[in-house]
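In: Sharing a model prediction with you, sequence too.
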Amino acid sequence: MATAQGNPLTDIFLSRLDEGGYRVTESRQEVALAVFRQQDHFSVEDICRLLPTVGRATVFRNIKLMLEMNLVCRVVLEDGGVQYQVAERRHHHHLVCTRCGRTTDLLGCDFEDELRAKAKAQGMLLESHRLEVYGRCTECQAA
């Protein structure tokens, strides 16, 4: 396996791929390095622009694997668009600005017990949940 250039999340991803029997290709390494360098939310298209020699399907498949490994999280924008964000924190939700699209983490989940109870009352065993809250960030409120 080639070096991941010292990025801990890239190392974790490539190691899990190797352990899971996936081939650790040069394209996979490039996608991992590009994704885990992101400081803000990003789209599949953003990664494709950074890696013009890597196919869109390869980028998408690898981001899907990163989602399954909880290394990135999906952020659904108000318009239905999907972006991703490196998930270095515990369980959290997102605040999404409806004007500029900026996404920030809403840490903590004080209502999970209530969600579990409501799901159970309807015959459902809650496995997970995701919440995006839409509004305007401070900068867009001022504009």
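Out: That came through fine.
In: Every contact and neighbour count from this point should use C-alpha atoms.
Out: Will do.
In: Which neighbouring elements make contact with the least confident helix or strand in the chain by mean pLDDT?
Out: Least confident helix or strand of the chain, by mean pLDDT, DSSP states H and E, is strand 103-107 with a mean of 75. In terms of contacts (3 or more Cα pairs under 8 Å, 6 or more residues apart in numbering; DSSP states H and E), strand 103-107 is packed against strand 92-97.
In: Starting from the strand it packs on, tell me which strands it pairs with and how they run.
Out: Partners of strand 92-97 in the sheet, by DSSP bridges, are strand 103-107 (antiparallel), strand 132-135 (parallel).
In: Dump the ones you listed to CSV, plus distance to Glu30.
Out: What follows is the strands paired with strand 92-97, written out as CSV (distance: least, Cα to Cα, whole Å):
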stretch, distance to Glu30
strand 103-107, 25
strand 132-135, 29
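In: of all those strands, which lies closest to Lys120?
Out: When the strands paired with strand 92-97 are compared by Cα to Cα, strand 132-135 sits nearest Lys120, at 22.5 Å.
In: Can I get the closest one in PDB, CA atoms only?
Out: C-alpha atoms of strand 132-135 as PDB (Å, rounded to 0.1, in the frame of the first residue of the first chain):
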ATOM      1  CA  GLU A 132     -30.400  19.600   8.800                       C
ATOM      2  CA  VAL A 133     -31.700  22.900  10.200                       C
ATOM      3  CA  TYR A 134     -32.100  25.700   7.600                       C
ATOM      4  CA  GLY A 135     -31.800  29.400   8.200                       C
END
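In: Please state the backbone phi and psi of Thr10?
Out: Dihedral pair for Thr10: phi -60, psi -40, per degrees, to the nearest 10.
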